[in-house]
Each structure stands twice: as C-alpha cells, then as structure tokens.
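Colleague: build me a structure from this.
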Amino acid sequence: MIEKLWYGKNRLYWLLIPFSLLYGAVVVLRRYLYQKHIFKTWRVPVPVVVIGNLSVGGNGKTPLVVTFVTALKERGLKVGIVSRGYGGHASHYPVIVDNHTSTAIAGDEPILIYQRTQVPLAVSPNRCEAVKALLANFELDLILTDDGLQHYQLERDVEVVVIDSHRQFGNGWWLPAGPLRERPNRLKTVDLIMMNGLTENHQINHIYPDKTYTMILKPLYVVNLLTGEQRQLTDLEQICAIAGISHPERFFMMLKKLHAKVIKTVAFADHQNFTEPLLNTVATDRQALLMTEKDAVKCRPFAKSNWWYLPIEAVVPLPAIDQLYALINQAVAKNKLSKG
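Modeller: All right, here's what the predicted structure looks like:
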C-alpha cells in the first residue's frame with residue numbers, strides 16, 4: 001500500500017502532507033542547527049565517507065559499500081565501517097562485528113558487508129560511538145559509514161548518495177506522504193551521486209554531470225547455503241524465490257530477465273526474521289528455494305541442502321572510484337594542514 005502511495009498513481013498521499021510538512025520542517029531545522037554548531041558535532045581524526053540515501057527503501061547501497069571498500073583496500077587504505085545495524089538488537093553498544101556475531105545482534109546488512117569485505121565493522125545507533133570503538137581497536141586510514149547521511153552529529157569529509165534510477169524520488173514528498181528523508185536539492189552539496197541502473201534519461205546526470213555516475217547491479221552465481229557450492233542460476237530447476245528486502249519486485253524481475261526457472265515468488269517484509277518452519281511452507285525438499293544474499297545471512301544457521309542465494313555485485317565505473325579516492329586524499333591533506 002505504501003509503495004503505491006509513494007511511487008504509484010494513488011493520490012491518497014495528500015492526506016499525509018501536513019505530517020510531511022512537519023517532518024520536513026524538523027529536518028531542515030535540525031540540519032541548520034548542526035551546520036551552525038548549535039548542536040554538537042564530532043570531527044573524527046581520520047577522513048569519513050558517508051554512503052547514504054535521500055529516500056527510504058532499497059537503492060542498492062549495500063553492494064555499493066562492498067564495491068567501494070574493496071576498491072579502496074586494493075589501493076592500500078585501511079578501511080573501517082560503521083552501521084546503524086537496523087534489525088539487530090544487542091544488549092550493549094557499540095558492537096564490533098566478528099565471524100561469530102549473529103544477525104540478531106548486528107542486523108543483516110552489517111553481517112553481509114563484513115562477510116564480503118572482512119574489514120573492521122562496528123554497529124551502534126550512535127555512529128560516533130561506533131567510530132570511537134573502531135579507532136580504539138584498529139589502526140585505520142578511513143571510516144566509511146553505511147547509511148547515516150542524516151546523522152549530522154558525525155562530521156564527514158565525503159558524501160555519496162545512491163539513487164534508484166527507475167523509482168528516483170517517487171512523488172517528491174517527505175515522509176510519510178512520500179519516500180524522502182531530504183529533498184532533491186540536497187544533491188547540490190553531496191560529492192558523488194551514484195545512479196543505480198540504466199534509464200533512457202537521467203535528469204540528475206544533466207544537472208550534476210561532474211559527479212554523477214551510473215552503477216549496475218550484476219548477479220553472479222548461485223551459492224548453496226549449506227555447502228557453499230556454486231552453480232549457474234540456469235542449473236536450478238523449480239525455483240521458489242523469496243525476498244525480504246524493501247523492494248522485492250526488483251529481485252524477482254532480475255530473475256525473470258535472467259531466464260531463471262521460477263515457479264513461485266513470495267515477498268516478505270524488509271529485514272524479515274526468517275525461521276525454518278516459515279521457509280518450509282514456501283518450497284518442498286524437491287524444489288530450489290532461492291533468496292537474496294541479505295536474506296541468506298539470517299538463514300545459514302538452519303539452512304537446508306536445497307536452499308540457495310544469489311550474490312549481487314555493484315559494477316561501478318572506474319572514474320567514480322578515482323574521484324572518490326581523490327576526494328579522500330584531499331580530506332587527508334586538509335586534516336594534515338589543520339593539525340599543522
């Protein structure tokens with residue numbers, strides 16, 4: 001229902017506009033107070049890169065984080081990651097993620113990112129505390145925050161915004177009438193804009209040509225949750241596909257374009273808490289249960305031999321990585337100058 005209000009032709013969102021105006025006023029005032037240092041901010045002793053969204057919902061941010069971190073590691077940088085850890089519930093924060101940390105504690109996206117990058121990662125609702133925990137335990141050149149564009153208590157050197165090329169800003173309204181956390185004019189102040197997916201016309205590309213790039217989400221091979229075996233997607237028969245992400249139809253449409261032999265699709269809530277009995281109702285032992293990698297990190301502890309997931313890679317143009325690297329170097333030089 002909410003997707004139809006935000007991205008469809010349903011005009012009932014007008015009923016929520018008074019609440020959106022109130023939300024927008026709070027957002028604008030809050031940012032102003034941080035900019036004027038009326039609200040206290042913290043300057044980290046190493047450069048900080050924020051990768052976030054203007055809108056709620058899945059825009060491809062998680063695979064982009066993995067790609068950027070991998071590229072920066074290859075260039076010799078020691079990267080640490082902080083995350084809110086949405087969907088996780090720990091007895092105390094911050095939590096430094098390791099190979100034994102569960103999704104119930106840290107959330108699904110941080111575990112996925114940690115497993116793919118193997119860099120220091122800390123989770124906390126207070127990102128400043130997460131950064132302090134990382135710096136106290138690791139020697140790092142850079143902090144990258146997964147989401148947190150609106151977490152202004154933490155000062156940042158580079159801001160990257162990810163936008164879904166197809167859905168973009170929906171009806172253009174703040175929450176709850178629309179999907180926006182901040183208005184599109186916020187793009188004026190960010191350093192990089194990553195458009196997820198190709199479209200015939202990118203208006204944003206024309207407005208901000210020097211900092212806008214297109215990334216593509218590329219599916220890899222399917223991986224067995226129980227054994228780690230890798231196969232081609234087309235090798236699977238009688239696929240029952242599930243997705244507990246914010247935009248499940250994107251995953252299902254991807255499978256269709258890849259000519260996967262899908263006989264059933266089931267959409268779950270974003271950050272769905274899966275159980276074996278729940279998934280047993282979706283597919284029989286003779287069918288292949290296929291899920292996203294984000295869902296798979298929660299299902300490994302009780303995985304069955306017919307359960308598979310499809311990893312996704314964000315393919316990013318080299319000039320975008322070069323520009324990010326240059327911005328980080330500029331931040332390093334600026335920090336040295338200020339200390340000197």
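Colleague: for residue 220, give me its contacts.
Modeller: 310, 311, 312, 313 (Cβ atoms under 8 Å, 6 or more residues apart in numbering). In short, each C-beta sits where N, CA and C put it, glycine included.
Colleague: so how far is residue 286 from the second one?
Modeller: Pointing back at residue 311 there. 24 Å (Cβ to Cβ, to the nearest Å).
Colleague: who has more neighbours out of these two?
Modeller: Using other Cβ atoms under 10 Å as the criterion, residue 311 and residue 286 rank with residue 311 on top: 18 against 8.
Colleague: does that one touch residue 217 like I think?
Modeller: No: judged on Cβ atoms under 8 Å, residue 311 makes no contact with residue 217 at a distance of 10.6 Å.
Colleague: any chance of TSV for the contacts of residue 220, columns distance to residue 294 and secondary structure?
Modeller: Below are these laid out as TSV (distance: Cβ to Cβ, whole Å; DSSP: H, G, I helix; E, B strand; the rest coil):
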residue	distance to residue 294	secondary structure
310	11	strand
311	10	coil
312	9	strand
313	14	strand
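Colleague: for the residues you listed, which one is nearest residue 114?
Modeller: The shortest approach to residue 114 among the contacts of residue 220 belongs to residue 311, at 14.6 Å (Cβ to Cβ).
Colleague: near residue 315, how many other residues are there?
Modeller: Residue 315 has 12 neighbouring residues, counting by other Cβ under 10 Å.
Colleague: phi and psi next, for it.
Modeller: phi -90, psi 120 (degrees, to the nearest 10).
Colleague: just give the nearest non-adjacent residue to it, would you?
Modeller: residue 216 (4.6 Å; Cβ to Cβ, 6 or more residues apart in numbering).
Colleague: list the contacts of that neighbour.
Modeller: 197, 198, 314, 315.
Colleague: wait, is it part of a strand?
Modeller: Yes: using DSSP: H, G, I helix; E, B strand; the rest coil, the assignment for residue 216 is a strand.
Colleague: how close does it get to residue 60?
Modeller: Taking Cβ to Cβ, one finds residue 216 at 9 Å from residue 60.
Colleague: any common contacting residues for these two?
Modeller: If you check residue 216 and residue 60 against Cβ under 8 Å, 6+ apart, the residues they both contact are 197, 314.
Colleague: who's in contact with stretch 90-103?
Modeller: 85, 87-88, 105-106, 110-111, 114, 120-126, 129-130, 132-134, 137, 297-298, 301.
Colleague: now, of the residues you listed, which are buried?
Modeller: With neighbours counted by 16 or more other Cβ atoms under 10 Å, these contain buried members at 85, 87-88, 105-106, 110-111, 114, 120-124, 129-130, 132-134, 297-298.
Colleague: what residues sit buried inside the lengthiest helix in the chain?
Modeller: Assignment by DSSP state H gives helix 318-339 as the longest helix of the chain. Of all the residues in helix 318-339, those buried under the rule 16+ other Cβ under 10 Å are 320, 321, 323, 324, 327, 328, 331, 332, 335.
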